[in-house]
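In: Predicted model and sequence below, questions to follow.
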Amino acid sequence: MVQGTMSNAGKSLIAAGLCRIFRQDGYKVAPFKSQNMALNSFITEEGLEMGRAQVMQAEAAGIKPDVYMNPILLKPTNDVGSQVIVNGEVLGNMSAREYFQYKKKLVPDIMHAFEKLSEAYDIVVIEGAGSPAEINLKSDDIVNMGMAKMAKAPVLLVGDIDRGGVFAQLIGTVMLLEEDERAMVKGLIINKFRGDKTILDPGIRMLEERAGIPVVGVAPYLNIEVEDEDSLTERFSGSQEIGLIDIAVIRLPRIANFTDFNPFESMQGVSLRYVDSVARLKNPDMIILPGTKNTMEDLLWMRQNGLEAAVQKAAAAGKVIFGVCGGYQMLGRTLSDPEGVEAGGTIAGMGLLPMDTVFAGNKTRTRVRGSFGRVEGLLSGLTGVPLEGYEIHMGVTTLSEGAHSLTGIHNFAGHADRETKADGAYCGNVYGTYVHGVFDKEEVAKAVVTALGKSKGLDTGEITGVDFQAFKELQYDILAEELRKHLDMKRIYEIMEEGIRE
(Lines give C-alpha, C1' and ligand atoms only; values in the text may rest on other atoms or scores of the structure.)
Protein backbone atom coordinates (compact mmCIF):
# COMPACT_ATOMS: atom_id res chain seq x y z
CA MET A 1 0.00 0.00 0.00
CA VAL A 2 1.19 3.49 -0.92
CA GLN A 3 0.23 6.21 1.58
CA GLY A 4 1.28 9.86 1.72
CA THR A 5 2.05 12.50 4.29
CA MET A 6 -0.48 14.83 2.62
CA SER A 7 -2.62 15.25 -0.45
CA ASN A 8 -0.62 15.60 -3.67
CA ALA A 9 2.51 14.01 -2.18
CA GLY A 10 2.66 11.84 -5.29
CA LYS A 11 0.89 8.67 -4.15
CA SER A 12 -1.02 8.20 -7.42
CA LEU A 13 2.09 8.53 -9.56
CA ILE A 14 4.22 6.24 -7.36
CA ALA A 15 1.41 3.65 -7.39
CA ALA A 16 1.14 3.91 -11.17
CA GLY A 17 4.89 3.51 -11.56
CA LEU A 18 4.88 0.41 -9.36
CA CYS A 19 1.99 -1.02 -11.40
CA ARG A 20 4.03 -0.59 -14.59
CA ILE A 21 7.20 -2.03 -13.01
CA PHE A 22 5.38 -5.12 -11.71
CA ARG A 23 3.74 -5.60 -15.10
CA GLN A 24 7.14 -5.34 -16.84
CA ASP A 25 8.48 -7.92 -14.38
CA GLY A 26 5.83 -10.40 -15.51
CA TYR A 27 3.19 -10.07 -12.79
CA LYS A 28 -0.54 -9.55 -13.16
CA VAL A 29 -1.13 -6.37 -11.21
CA ALA A 30 -4.16 -4.20 -10.43
CA PRO A 31 -4.59 -0.85 -8.63
CA PHE A 32 -7.06 -0.28 -5.80
CA LYS A 33 -8.33 2.69 -3.82
CA SER A 34 -11.19 2.02 -1.45
CA GLN A 35 -12.48 5.61 -1.44
CA ASN A 36 -11.68 8.36 -3.88
CA MET A 37 -12.84 11.97 -3.61
CA ALA A 38 -12.64 13.43 -7.09
CA LEU A 39 -14.63 15.20 -9.75
CA ASN A 40 -12.64 13.47 -12.49
CA SER A 41 -14.52 10.25 -13.15
CA PHE A 42 -14.68 7.59 -15.84
CA ILE A 43 -17.31 5.20 -17.19
CA THR A 44 -16.28 1.56 -17.57
CA GLU A 45 -17.38 -0.74 -20.39
CA GLU A 46 -20.13 -1.96 -18.05
CA GLY A 47 -21.48 1.58 -17.71
CA LEU A 48 -20.24 2.05 -14.12
CA GLU A 49 -18.53 5.13 -12.69
CA MET A 50 -15.11 5.24 -11.01
CA GLY A 51 -12.29 7.69 -10.28
CA ARG A 52 -9.82 8.47 -13.07
CA ALA A 53 -6.72 8.00 -10.89
CA GLN A 54 -7.34 4.24 -10.81
CA VAL A 55 -8.08 4.30 -14.55
CA MET A 56 -4.65 5.83 -15.09
CA GLN A 57 -3.08 3.19 -12.85
CA ALA A 58 -4.94 0.42 -14.68
CA GLU A 59 -3.51 1.73 -17.96
CA ALA A 60 -0.05 1.56 -16.39
CA ALA A 61 -0.79 -2.03 -15.37
CA GLY A 62 -1.94 -2.87 -18.90
CA ILE A 63 -5.47 -3.88 -17.91
CA LYS A 64 -9.00 -2.60 -18.43
CA PRO A 65 -10.43 -0.33 -15.73
CA ASP A 66 -12.83 -2.16 -13.40
CA VAL A 67 -15.12 -0.57 -10.81
CA TYR A 68 -13.69 -2.99 -8.22
CA MET A 69 -10.54 -0.83 -8.36
CA ASN A 70 -12.46 2.08 -6.79
CA PRO A 71 -15.62 0.87 -5.02
CA ILE A 72 -16.43 4.24 -3.40
CA LEU A 73 -16.29 7.55 -5.26
CA LEU A 74 -17.22 10.85 -3.60
CA LYS A 75 -18.00 13.71 -5.97
CA PRO A 76 -18.24 17.01 -4.05
CA THR A 77 -21.39 18.97 -4.84
CA ASN A 78 -20.51 21.87 -2.54
CA ASP A 79 -18.13 22.66 0.32
CA VAL A 80 -19.89 20.37 2.81
CA GLY A 81 -21.49 17.57 0.79
CA SER A 82 -20.88 14.99 -1.92
CA GLN A 83 -22.64 12.63 -4.25
CA VAL A 84 -21.79 9.13 -2.99
CA ILE A 85 -21.17 6.49 -5.67
CA VAL A 86 -20.84 2.87 -4.55
CA ASN A 87 -19.81 0.09 -6.93
CA GLY A 88 -20.19 2.50 -9.82
CA GLU A 89 -23.77 3.59 -9.11
CA VAL A 90 -25.18 6.62 -7.32
CA LEU A 91 -26.19 5.90 -3.72
CA GLY A 92 -27.27 9.50 -3.05
CA ASN A 93 -26.09 12.87 -1.76
CA MET A 94 -24.76 13.14 1.78
CA SER A 95 -23.32 15.88 3.95
CA ALA A 96 -19.81 15.30 5.29
CA ARG A 97 -21.19 14.44 8.72
CA GLU A 98 -23.80 12.05 7.30
CA TYR A 99 -21.17 10.22 5.28
CA PHE A 100 -18.75 10.05 8.21
CA GLN A 101 -21.43 8.28 10.23
CA TYR A 102 -22.45 6.04 7.34
CA LYS A 103 -19.14 4.98 5.78
CA LYS A 104 -18.50 1.98 8.07
CA LYS A 105 -21.51 0.32 6.46
CA LEU A 106 -19.55 0.28 3.19
CA VAL A 107 -16.77 -1.97 4.52
CA PRO A 108 -18.40 -5.14 3.04
CA ASP A 109 -18.46 -3.46 -0.40
CA ILE A 110 -14.82 -2.44 -0.02
CA MET A 111 -13.67 -5.90 1.02
CA HIS A 112 -15.71 -7.63 -1.68
CA ALA A 113 -14.03 -5.47 -4.31
CA PHE A 114 -10.56 -5.98 -2.83
CA GLU A 115 -11.03 -9.74 -2.57
CA LYS A 116 -12.20 -9.94 -6.19
CA LEU A 117 -9.01 -8.23 -7.31
CA SER A 118 -6.87 -10.34 -4.99
CA GLU A 119 -8.29 -13.51 -6.55
CA ALA A 120 -7.64 -12.33 -10.10
CA TYR A 121 -4.19 -10.70 -9.78
CA ASP A 122 -0.75 -11.55 -8.39
CA ILE A 123 -0.23 -8.09 -6.88
CA VAL A 124 -2.68 -5.38 -5.82
CA VAL A 125 -1.20 -1.89 -5.39
CA ILE A 126 -3.41 0.00 -2.93
CA GLU A 127 -3.42 3.80 -2.76
CA GLY A 128 -4.35 5.74 0.36
CA ALA A 129 -5.97 9.19 0.52
CA GLY A 130 -4.64 12.39 2.05
CA SER A 131 -2.72 11.50 5.20
CA PRO A 132 -3.06 8.59 7.64
CA ALA A 133 -2.25 10.98 10.52
CA GLU A 134 -5.44 13.06 10.34
CA ILE A 135 -6.34 12.39 13.96
CA ASN A 136 -9.91 13.69 13.54
CA LEU A 137 -10.54 11.14 10.78
CA LYS A 138 -8.76 8.09 12.23
CA SER A 139 -11.94 6.77 13.83
CA ASP A 140 -13.51 4.19 11.51
CA ASP A 141 -10.91 4.87 8.80
CA ILE A 142 -11.54 2.90 5.60
CA VAL A 143 -8.97 4.36 3.23
CA ASN A 144 -5.58 4.65 4.97
CA MET A 145 -4.40 2.54 7.93
CA GLY A 146 -7.88 1.07 8.32
CA MET A 147 -7.62 -0.24 4.77
CA ALA A 148 -4.04 -1.44 5.30
CA LYS A 149 -5.22 -3.47 8.28
CA MET A 150 -8.17 -4.96 6.40
CA ALA A 151 -5.90 -5.93 3.49
CA LYS A 152 -2.95 -6.87 5.73
CA ALA A 153 -0.81 -4.76 3.40
CA PRO A 154 2.66 -3.41 4.24
CA VAL A 155 2.81 0.35 3.72
CA LEU A 156 5.22 2.64 1.87
CA LEU A 157 4.89 6.22 3.14
CA VAL A 158 5.57 9.00 0.59
CA GLY A 159 6.63 12.56 1.51
CA ASP A 160 6.86 15.59 -0.81
CA ILE A 161 10.21 17.38 -0.59
CA ASP A 162 9.25 19.93 -3.25
CA ARG A 163 6.94 21.67 -0.77
CA GLY A 164 9.62 21.69 1.91
CA GLY A 165 9.72 20.11 5.36
CA VAL A 166 9.82 16.53 4.11
CA PHE A 167 11.65 15.20 7.20
CA ALA A 168 9.02 16.73 9.49
CA GLN A 169 6.30 15.36 7.21
CA LEU A 170 7.59 11.81 7.43
CA ILE A 171 8.69 11.63 11.06
CA GLY A 172 5.62 13.61 12.20
CA THR A 173 3.27 11.25 10.38
CA VAL A 174 5.00 8.20 11.84
CA MET A 175 4.87 9.65 15.36
CA LEU A 176 1.12 10.37 15.12
CA LEU A 177 0.35 6.77 14.18
CA GLU A 178 -0.66 4.19 16.76
CA GLU A 179 1.96 1.59 17.63
CA ASP A 180 0.32 -1.15 15.55
CA GLU A 181 0.00 1.27 12.62
CA ARG A 182 3.68 2.29 12.80
CA ALA A 183 4.59 -1.38 12.61
CA MET A 184 2.87 -1.59 9.23
CA VAL A 185 5.01 1.17 7.66
CA LYS A 186 7.89 -0.77 6.10
CA GLY A 187 9.51 1.90 3.94
CA LEU A 188 9.73 5.67 3.46
CA ILE A 189 9.96 7.43 0.09
CA ILE A 190 11.09 11.02 -0.44
CA ASN A 191 9.37 12.24 -3.59
CA LYS A 192 9.81 15.14 -6.08
CA PHE A 193 13.51 15.71 -5.31
CA ARG A 194 15.57 18.08 -7.46
CA GLY A 195 19.34 18.23 -7.03
CA ASP A 196 22.23 16.25 -5.62
CA LYS A 197 21.04 13.36 -3.46
CA THR A 198 24.28 13.23 -1.47
CA ILE A 199 23.24 16.49 0.20
CA LEU A 200 20.24 14.62 1.64
CA ASP A 201 22.19 11.65 2.98
CA PRO A 202 22.80 12.98 6.54
CA GLY A 203 19.10 13.80 6.91
CA ILE A 204 18.11 10.39 5.54
CA ARG A 205 20.34 8.62 8.10
CA MET A 206 18.82 10.67 10.93
CA LEU A 207 15.28 10.02 9.60
CA GLU A 208 15.89 6.27 9.52
CA GLU A 209 17.30 6.33 13.04
CA ARG A 210 14.42 8.31 14.53
CA ALA A 211 11.64 6.54 12.64
CA GLY A 212 13.18 3.08 12.77
CA ILE A 213 12.03 2.63 9.18
CA PRO A 214 14.29 2.42 6.09
CA VAL A 215 14.15 4.99 3.29
CA VAL A 216 13.58 2.85 0.19
CA GLY A 217 13.99 5.61 -2.34
CA VAL A 218 14.42 9.27 -3.24
CA ALA A 219 12.31 9.77 -6.36
CA PRO A 220 13.06 12.74 -8.63
CA TYR A 221 10.66 15.46 -9.69
CA LEU A 222 9.30 14.05 -12.95
CA ASN A 223 7.66 15.97 -15.77
CA ILE A 224 5.48 13.02 -16.70
CA GLU A 225 2.32 13.72 -18.71
CA VAL A 226 -0.24 11.49 -17.02
CA GLU A 227 -3.64 12.42 -15.64
CA ASP A 228 -3.98 14.32 -12.38
CA GLU A 229 -6.67 14.36 -9.74
CA ASP A 230 -8.99 17.34 -9.60
CA SER A 231 -7.95 20.83 -8.54
CA LEU A 232 -4.70 19.71 -6.93
CA THR A 233 -3.18 19.44 -10.38
CA GLU A 234 -0.22 21.69 -11.07
CA ARG A 235 -1.79 22.45 -14.44
CA PHE A 236 -3.94 24.99 -12.63
CA SER A 237 -1.10 26.92 -11.03
CA GLY A 238 1.31 29.43 -12.45
CA SER A 239 1.39 31.23 -15.75
CA GLN A 240 2.02 29.73 -19.14
CA GLU A 241 3.54 31.15 -22.28
CA ILE A 242 0.95 31.64 -25.02
CA GLY A 243 1.57 29.51 -28.10
CA LEU A 244 0.78 30.01 -31.77
CA ILE A 245 -2.62 28.50 -31.02
CA ASP A 246 -4.01 29.55 -27.66
CA ILE A 247 -6.82 27.61 -25.97
CA ALA A 248 -8.33 28.81 -22.69
CA VAL A 249 -10.33 26.51 -20.40
CA ILE A 250 -12.56 28.23 -17.85
CA ARG A 251 -11.48 26.95 -14.45
CA LEU A 252 -14.90 26.54 -12.86
CA PRO A 253 -15.05 26.16 -9.05
CA ARG A 254 -16.42 22.60 -9.43
CA ILE A 255 -14.57 21.72 -12.63
CA ALA A 256 -14.87 18.04 -13.53
CA ASN A 257 -13.03 15.83 -15.99
CA PHE A 258 -10.54 18.48 -17.06
CA THR A 259 -8.48 15.57 -18.43
CA ASP A 260 -10.73 15.90 -21.50
CA PHE A 261 -8.31 18.56 -22.74
CA ASN A 262 -4.97 16.88 -22.07
CA PRO A 263 -4.46 15.95 -25.77
CA PHE A 264 -3.97 19.63 -26.65
CA GLU A 265 -1.06 19.86 -24.20
CA SER A 266 0.89 17.37 -26.29
CA MET A 267 0.61 19.34 -29.52
CA GLN A 268 3.46 21.49 -30.77
CA GLY A 269 2.71 25.20 -30.88
CA VAL A 270 -0.44 24.91 -28.74
CA SER A 271 -0.91 26.48 -25.30
CA LEU A 272 -3.68 25.20 -23.03
CA ARG A 273 -4.43 27.59 -20.16
CA TYR A 274 -6.85 27.28 -17.22
CA VAL A 275 -8.26 30.70 -16.34
CA ASP A 276 -10.50 31.88 -13.50
CA SER A 277 -10.76 35.61 -14.21
CA VAL A 278 -11.38 38.00 -17.08
CA ALA A 279 -7.85 39.40 -16.65
CA ARG A 280 -6.30 35.97 -17.24
CA LEU A 281 -8.56 35.13 -20.17
CA LYS A 282 -6.74 37.53 -22.52
CA ASN A 283 -7.50 36.83 -26.21
CA PRO A 284 -7.52 33.06 -26.86
CA ASP A 285 -8.34 31.40 -30.18
CA MET A 286 -10.80 29.03 -28.52
CA ILE A 287 -12.58 29.10 -25.17
CA ILE A 288 -13.64 25.79 -23.62
CA LEU A 289 -16.33 25.49 -20.96
CA PRO A 290 -15.56 22.21 -19.16
CA GLY A 291 -17.69 19.78 -17.21
CA THR A 292 -18.79 20.69 -13.70
CA LYS A 293 -20.48 18.95 -10.77
CA ASN A 294 -22.86 21.90 -10.35
CA THR A 295 -23.71 23.58 -13.64
CA MET A 296 -26.11 26.18 -12.30
CA GLU A 297 -23.93 27.46 -9.44
CA ASP A 298 -20.82 27.57 -11.61
CA LEU A 299 -22.70 29.52 -14.28
CA LEU A 300 -23.76 32.02 -11.62
CA TRP A 301 -20.11 32.25 -10.54
CA MET A 302 -19.16 33.14 -14.13
CA ARG A 303 -22.00 35.66 -14.24
CA GLN A 304 -20.79 37.37 -11.07
CA ASN A 305 -17.09 37.63 -11.98
CA GLY A 306 -17.63 38.76 -15.57
CA LEU A 307 -16.41 35.63 -17.35
CA GLU A 308 -19.87 34.93 -18.82
CA ALA A 309 -19.94 38.36 -20.46
CA ALA A 310 -16.37 37.85 -21.69
CA VAL A 311 -17.30 34.53 -23.30
CA GLN A 312 -20.38 36.09 -24.92
CA LYS A 313 -18.23 38.93 -26.24
CA ALA A 314 -15.67 36.48 -27.64
CA ALA A 315 -18.45 34.51 -29.34
CA ALA A 316 -19.79 37.70 -30.93
CA ALA A 317 -16.27 38.43 -32.20
CA GLY A 318 -16.17 35.06 -33.99
CA LYS A 319 -14.02 33.12 -31.54
CA VAL A 320 -14.69 29.40 -31.21
CA ILE A 321 -16.60 28.52 -28.03
CA PHE A 322 -16.78 24.80 -27.13
CA GLY A 323 -18.71 23.38 -24.20
CA VAL A 324 -18.42 19.85 -22.80
CA CYS A 325 -21.13 18.32 -20.58
CA GLY A 326 -21.99 20.94 -17.94
CA GLY A 327 -20.20 23.56 -20.02
CA TYR A 328 -22.40 22.56 -22.96
CA GLN A 329 -25.52 22.96 -20.82
CA MET A 330 -24.44 26.49 -19.82
CA LEU A 331 -24.41 27.59 -23.47
CA GLY A 332 -28.19 27.15 -23.83
CA ARG A 333 -31.08 29.50 -23.14
CA THR A 334 -32.37 28.05 -19.87
CA LEU A 335 -31.36 25.62 -17.12
CA SER A 336 -34.28 24.19 -15.14
CA ASP A 337 -34.09 22.06 -12.00
CA PRO A 338 -37.63 21.20 -10.92
CA GLU A 339 -36.53 18.25 -8.74
CA GLY A 340 -33.75 20.08 -6.91
CA VAL A 341 -30.98 17.93 -8.38
CA GLU A 342 -28.67 20.96 -8.29
CA ALA A 343 -29.67 24.43 -7.05
CA GLY A 344 -33.38 24.16 -7.89
CA GLY A 345 -35.50 26.59 -9.88
CA THR A 346 -34.75 27.97 -13.34
CA ILE A 347 -32.01 30.33 -14.49
CA ALA A 348 -31.09 31.82 -17.83
CA GLY A 349 -28.19 30.25 -19.69
CA MET A 350 -25.65 32.12 -21.81
CA GLY A 351 -27.99 32.11 -24.78
CA LEU A 352 -25.27 31.09 -27.26
CA LEU A 353 -27.05 27.90 -28.39
CA PRO A 354 -30.82 27.67 -29.03
CA MET A 355 -31.56 24.87 -26.58
CA ASP A 356 -32.91 24.24 -23.08
CA THR A 357 -31.82 21.81 -20.36
CA VAL A 358 -33.94 20.22 -17.63
CA PHE A 359 -32.16 18.40 -14.79
CA ALA A 360 -33.57 15.10 -13.54
CA GLY A 361 -32.63 12.56 -10.90
CA ASN A 362 -31.54 9.83 -13.33
CA LYS A 363 -27.88 9.95 -14.32
CA THR A 364 -26.91 9.15 -17.92
CA ARG A 365 -23.86 6.91 -17.63
CA THR A 366 -22.48 5.11 -20.67
CA ARG A 367 -19.58 4.77 -23.07
CA VAL A 368 -20.22 5.88 -26.63
CA ARG A 369 -18.62 5.94 -30.06
CA GLY A 370 -19.65 7.49 -33.33
CA SER A 371 -18.62 10.40 -35.54
CA PHE A 372 -19.20 14.08 -36.13
CA GLY A 373 -22.01 14.82 -38.54
CA ARG A 374 -22.02 17.57 -41.12
CA VAL A 375 -20.36 20.42 -39.23
CA GLU A 376 -20.39 23.95 -40.50
CA GLY A 377 -18.55 27.06 -39.41
CA LEU A 378 -14.91 27.33 -38.45
CA LEU A 379 -14.72 23.70 -37.24
CA SER A 380 -16.14 22.25 -40.48
CA GLY A 381 -13.02 20.06 -40.68
CA LEU A 382 -14.60 17.86 -38.00
CA THR A 383 -17.23 16.61 -40.45
CA GLY A 384 -17.21 12.81 -40.50
CA VAL A 385 -14.31 12.47 -38.04
CA PRO A 386 -14.76 9.45 -35.69
CA LEU A 387 -14.91 9.93 -31.92
CA GLU A 388 -15.14 7.84 -28.78
CA GLY A 389 -15.77 8.71 -25.15
CA TYR A 390 -18.38 8.54 -22.43
CA GLU A 391 -21.42 10.37 -21.15
CA ILE A 392 -21.95 11.12 -17.48
CA HIS A 393 -24.53 13.77 -16.70
CA MET A 394 -27.85 14.50 -15.04
CA GLY A 395 -30.02 16.47 -17.45
CA VAL A 396 -31.86 16.30 -20.77
CA THR A 397 -31.20 18.95 -23.41
CA THR A 398 -33.73 19.82 -26.11
CA LEU A 399 -32.63 21.68 -29.24
CA SER A 400 -34.70 24.42 -30.87
CA GLU A 401 -34.71 25.89 -34.37
CA GLY A 402 -31.27 27.11 -35.37
CA ALA A 403 -29.35 24.45 -33.43
CA HIS A 404 -27.78 21.63 -35.44
CA SER A 405 -26.75 18.24 -33.99
CA LEU A 406 -22.99 17.96 -33.65
CA THR A 407 -22.43 14.19 -33.55
CA GLY A 408 -24.10 10.85 -34.09
CA ILE A 409 -23.21 8.33 -31.38
CA HIS A 410 -24.30 4.95 -30.04
CA ASN A 411 -23.95 3.33 -26.65
CA PHE A 412 -21.61 0.41 -26.10
CA ALA A 413 -21.47 0.18 -22.32
CA GLY A 414 -24.11 -1.01 -19.92
CA HIS A 415 -26.65 -1.08 -22.75
CA ALA A 416 -27.68 -3.51 -25.48
CA ASP A 417 -28.92 -0.56 -27.53
CA ARG A 418 -26.67 0.22 -30.51
CA GLU A 419 -29.07 2.64 -32.17
CA THR A 420 -27.36 5.84 -33.30
CA LYS A 421 -28.61 9.00 -31.59
CA ALA A 422 -27.88 12.67 -32.03
CA ASP A 423 -25.63 14.40 -29.49
CA GLY A 424 -24.49 17.93 -28.94
CA ALA A 425 -25.23 21.03 -30.95
CA TYR A 426 -23.63 23.86 -32.85
CA CYS A 427 -24.76 27.24 -34.09
CA GLY A 428 -22.30 29.47 -35.90
CA ASN A 429 -18.97 29.33 -34.05
CA VAL A 430 -20.43 27.88 -30.82
CA TYR A 431 -20.23 24.11 -30.30
CA GLY A 432 -21.10 21.69 -27.49
CA THR A 433 -21.30 18.01 -26.65
CA TYR A 434 -22.10 15.68 -23.75
CA VAL A 435 -19.21 13.36 -24.71
CA HIS A 436 -16.21 13.36 -22.37
CA GLY A 437 -12.98 12.37 -24.11
CA VAL A 438 -14.21 13.95 -27.34
CA PHE A 439 -10.71 15.27 -28.14
CA ASP A 440 -8.81 12.07 -27.27
CA LYS A 441 -8.61 10.77 -30.83
CA GLU A 442 -5.73 12.33 -32.74
CA GLU A 443 -7.93 13.20 -35.72
CA VAL A 444 -10.31 15.29 -33.59
CA ALA A 445 -7.71 17.38 -31.75
CA LYS A 446 -5.71 17.87 -34.95
CA ALA A 447 -8.80 19.01 -36.90
CA VAL A 448 -9.60 21.58 -34.21
CA VAL A 449 -6.06 22.99 -34.04
CA THR A 450 -5.71 23.04 -37.83
CA ALA A 451 -8.95 25.01 -38.14
CA LEU A 452 -7.84 27.50 -35.48
CA GLY A 453 -4.50 27.95 -37.23
CA LYS A 454 -6.08 28.55 -40.64
CA SER A 455 -8.39 31.17 -39.16
CA LYS A 456 -5.26 33.12 -38.15
CA GLY A 457 -3.52 32.60 -41.47
CA LEU A 458 -0.91 30.30 -39.95
CA ASP A 459 0.90 27.46 -41.68
CA THR A 460 -0.32 24.51 -39.60
CA GLY A 461 2.07 22.03 -41.17
CA GLU A 462 4.28 21.96 -38.08
CA ILE A 463 1.35 21.62 -35.67
CA THR A 464 0.83 17.90 -35.38
CA GLY A 465 -1.45 15.73 -33.36
CA VAL A 466 -0.36 12.69 -31.40
CA ASP A 467 -1.72 9.22 -30.83
CA PHE A 468 -2.75 9.96 -27.25
CA GLN A 469 -2.88 6.30 -26.20
CA ALA A 470 0.62 5.63 -27.56
CA PHE A 471 1.82 8.83 -25.91
CA LYS A 472 0.49 7.72 -22.53
CA GLU A 473 2.09 4.29 -22.89
CA LEU A 474 5.44 5.99 -23.44
CA GLN A 475 4.90 8.13 -20.34
CA TYR A 476 4.24 5.05 -18.18
CA ASP A 477 7.43 3.42 -19.47
CA ILE A 478 9.44 6.56 -18.68
CA LEU A 479 7.89 6.66 -15.20
CA ALA A 480 8.82 3.03 -14.54
CA GLU A 481 12.36 3.53 -15.84
CA GLU A 482 12.96 6.53 -13.58
CA LEU A 483 11.49 4.85 -10.50
CA ARG A 484 13.66 1.76 -11.06
CA LYS A 485 16.70 4.05 -10.94
CA HIS A 486 15.71 5.71 -7.67
CA LEU A 487 13.70 3.15 -5.68
CA ASP A 488 15.21 0.08 -4.02
CA MET A 489 12.99 -2.39 -5.88
CA LYS A 490 14.82 -5.38 -4.37
CA ARG A 491 13.85 -4.15 -0.90
CA ILE A 492 10.28 -3.37 -2.00
CA TYR A 493 9.87 -6.93 -3.31
CA GLU A 494 11.24 -8.24 0.01
CA ILE A 495 8.73 -6.08 1.90
CA MET A 496 5.87 -7.59 -0.11
CA GLU A 497 7.13 -11.13 0.44
CA GLU A 498 7.50 -10.55 4.19
CA GLY A 499 4.04 -9.01 4.41
CA ILE A 500 2.63 -8.17 7.81
CA ARG A 501 3.60 -10.48 10.63
CA GLU A 502 0.73 -10.74 13.12
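Out: All right, it came through fine.
In: Spatially nearest residue to Asn93, not counting backbone neighbours?
Out: Residue nearest to Asn93 in three dimensions, not counting chain neighbours: Gln83, with 5.3 Å by Cβ to Cβ, 6 or more residues apart in numbering. In short, each C-beta sits where N, CA and C put it, glycine included.
In: isn't that neighbour right next to Ser95, touching?
Out: No - under the criterion of Cβ atoms under 8 Å, Gln83 makes no contact with Ser95, lying 11.6 Å away.
In: Have a look at these two and say which one is more surrounded.
Out: Gln83 (19 against 13; other Cβ atoms under 10 Å).
In: Kindly confirm my reading that that one is in a helix.
Out: No - counting by DSSP: H, G, I helix; E, B strand; the rest coil, Gln83 falls outside a helix, being strand.
In: Could you shift the numbering so residue one becomes 41, and keep it that way?
Out: Understood, numbering begins at 41; the last thing we discussed is Gln123.
In: Tell me how far it lies from Met342.
Out: 22 Å (Cβ to Cβ, to the nearest Å).
In: now do Thr213
Out: On the measure of Cβ to Cβ, Thr213 and Met342 end up 39 Å apart.
In: what's the answer for Gly331, then?
Out: Taking Cβ to Cβ, one finds Gly331 at 14 Å from Met342.
In: if you count what's nearby, which of the two comes out ahead?
Out: Using other Cβ under 10 Å, the more surrounded residue of Gly331 and Met342 is Gly331, with 27 against 21.
In: contacting residues for the more buried one?
Out: By Cβ atoms under 8 Å, 6 or more residues apart in numbering, the contact set of Gly331 is Ile295, Ala296, Asn297, Phe298, Asp300, Val364, Cys365, Gly366, Gly367, His433, His476.
In: Make TSV from those and add distance to Ile287, secondary structure and neighbour count to it.
Out: Below are the contacts of Gly331 laid out as TSV (distance: Cβ to Cβ, whole Å; DSSP: H, G, I helix; E, B strand; the rest coil; neighbours: other Cβ atoms under 10 Å):
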residue	distance to Ile287	secondary structure	neighbour count
Ile295	15	strand	25
Ala296	18	strand	27
Asn297	16	coil	26
Phe298	12	helix	26
Asp300	12	helix	23
Val364	13	strand	29
Cys365	17	coil	25
Gly366	18	helix	29
Gly367	13	helix	29
His433	23	strand	20
His476	17	strand	26
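In: Identify, from these, the entry nearest to His444.
Out: Nearest to His444 out of the contacts of Gly331 is Val364 (Cβ to Cβ; 17.5 Å).
In: Kindly state the beta-bridge partners for that closest one.
Out: As for beta bridges, Val364 partners with Thr473 under DSSP bridges.
In: For Tyr430, see how far away it is.
Out: Taking Cβ to Cβ, one finds Val364 at 12 Å from Tyr430.
In: Mutual contacts of the two, please.
Out: By Cβ under 8 Å, 6+ apart, Val364 and Tyr430 have these common neighbours: Val475, His476.
In: roughly how far apart are the spatially closest residue to Phe412 that is not a sequence neighbour and Pro324?
Out: Leaving aside its sequence neighbours, Phe412 sits nearest to Leu422 (Cβ to Cβ, 6+ apart; 4.3 Å). Separation of Leu422 from Pro324 (Cβ to Cβ): 19 Å.
In: what about these two, which has more around it?
Out: Leu422 (24 against 21).
In: show me what contacts the more buried one?
Out: Contacts of Leu422 by Cβ under 8 Å, 6+ apart are Phe412, Val415, Val484, Ala487, Val488, Ala491.
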